[in-house]
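A.B. asks: the following block contains a protein sequence and its predicted model.
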Amino acid sequence: MIYSLKGTITHTEQNMAVVECGGVGYACRTTLNTLRDIKVGAEATLYTYMSVREDAVELFGFSTLKELNTYKLLININGVGPKAGISILSILSPEQVSISVASGDWKTITQANGVGPKMAQRIVLELKDKFKSLQVDDGEEFTGGGVAAADTGNIPQAVQALSVLGFSAADVTPILTKLDRNMSVEQMIGATLKKLGR
């Protein structure tokens, strides 16, 4: 099993990067997010997943372990293949996938090419337990930011989580402040997305 590849990026194209290690170029299927993190001619480390099927052996490479782990979770869902996993992680970061799943926002996942409502709903349903507590970088939970601290309950965490999905604090704070302070972060996000028509 190849855990990672460290070498020079010699070539990139849509959803693929070639890493040269010891004179051998390894073609890795990858996401647009990883392609933005690497540069041709520069050294990089890609964390890998090898897919072995009867008709093909493919290597998938990711610039972070978090992206690799999210990819593995996605493709372990029945009906979500390697292409769909790459497509989802090309438009959403691992954090955005986590937030969408935790808040039940399957519509955001359908923005990925080739992912319909049924597949997106299955992803949310099957991964909900795995993303119960909203977390960002390596176990660091969402904290504060954008809202006054005085008895705001989970509002600061909800604001930060929604900002990862591309919403400004100015857009979501008026909605969040009208919600029950005892709601969980996930419930707040879900209610806010509903009000925003998502």
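C.D. replies: It's in.

A.B. asks: now do the buried residues in the helix or strand bottoming out on mean pLDDT in the chain.
C.D. replies: Least confident helix or strand of the chain, by mean pLDDT, DSSP states H and E, is helix 169-176 with a mean of 80. Judged by neighbour count (16 or more other Cβ atoms under 10 Å), helix 169-176 contains these buried residues: 169, 172-173, 175-176. Heads up, the C-betas are built off the backbone N, CA and C, glycines and all.

A.B. asks: and for stretch 100-111?
C.D. replies: When burial is assessed from 16+ other Cβ under 10 Å, stretch 100-111 yields the following buried residues: 100-106, 108-110.

A.B. asks: show me the two of these that sit farthest apart.
C.D. replies: 102 and 110 (16.9 Å; Cβ to Cβ).

A.B. asks: and the strands in this protein?
C.D. replies: 4-13, 16-21, 24-29, 43-52, 57-62 (DSSP state E).

A.B. asks: now those in TSV, with mean pLDDT and distance to residue 81?
C.D. replies: TSV is the format used below for the strands of the chain (pLDDT from 0 to 100; distance: least, Cβ to Cβ, whole Å):
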stretch	mean pLDDT	distance to residue 81
strand 4-13	96	20
strand 16-21	96	17
strand 24-29	96	12
strand 43-52	94	9
strand 57-62	94	11
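
A.B. asks: indicate which one of those strands is closest to residue 76.
C.D. replies: strand 43-52 (11.1 Å).

A.B. asks: and the closest one, what does it pack against?
C.D. replies: Where contact means 3 or more Cβ pairs under 8 Å, 6 or more residues apart in numbering; DSSP states H and E, strand 43-52 is packed against strand 4-13, strand 16-21, strand 57-62, helix 65-75.

A.B. asks: where does the prediction get shaky in this protein?
C.D. replies: Counting by pLDDT under 70, the chain shows low-confidence ranges at 132-153.

A.B. asks: most distant residue from the centre of it?
C.D. replies: Residue farthest from the centre of the chain, counting by Cα atoms, centre = their mean, is residue 23 at 32.5 Å.

A.B. asks: if I pick the nearest residue to residue 80 once chain neighbours are set aside, what's in contact with it?
C.D. replies: Nearest non-adjacent residue to residue 80, counting by Cβ to Cβ, 6 or more residues apart in numbering: residue 74, 5.3 Å away. Neighbouring residues of residue 74 by Cβ atoms under 8 Å, 6 or more residues apart in numbering: 80, 84-85, 88-89, 97, 123, 127.

A.B. asks: what about these, which one has the most neighbours?
C.D. replies: When neighbours are counted by other Cβ atoms under 10 Å, residue 88 leads those with 29 neighbours.

A.B. asks: now do the same contact list for that one.
C.D. replies: Residue 88 neighbours (Cβ under 8 Å, 6+ apart): 74, 97, 109, 112, 115, 123.

A.B. asks: again, only using 10 Å
C.D. replies: 31, 70-71, 74-75, 80, 96-97, 100, 108-115, 119-120, 123 (Cβ atoms under 10 Å, 6 or more residues apart in numbering).

A.B. asks: repeat for residue 3
C.D. replies: 47-50, 68.
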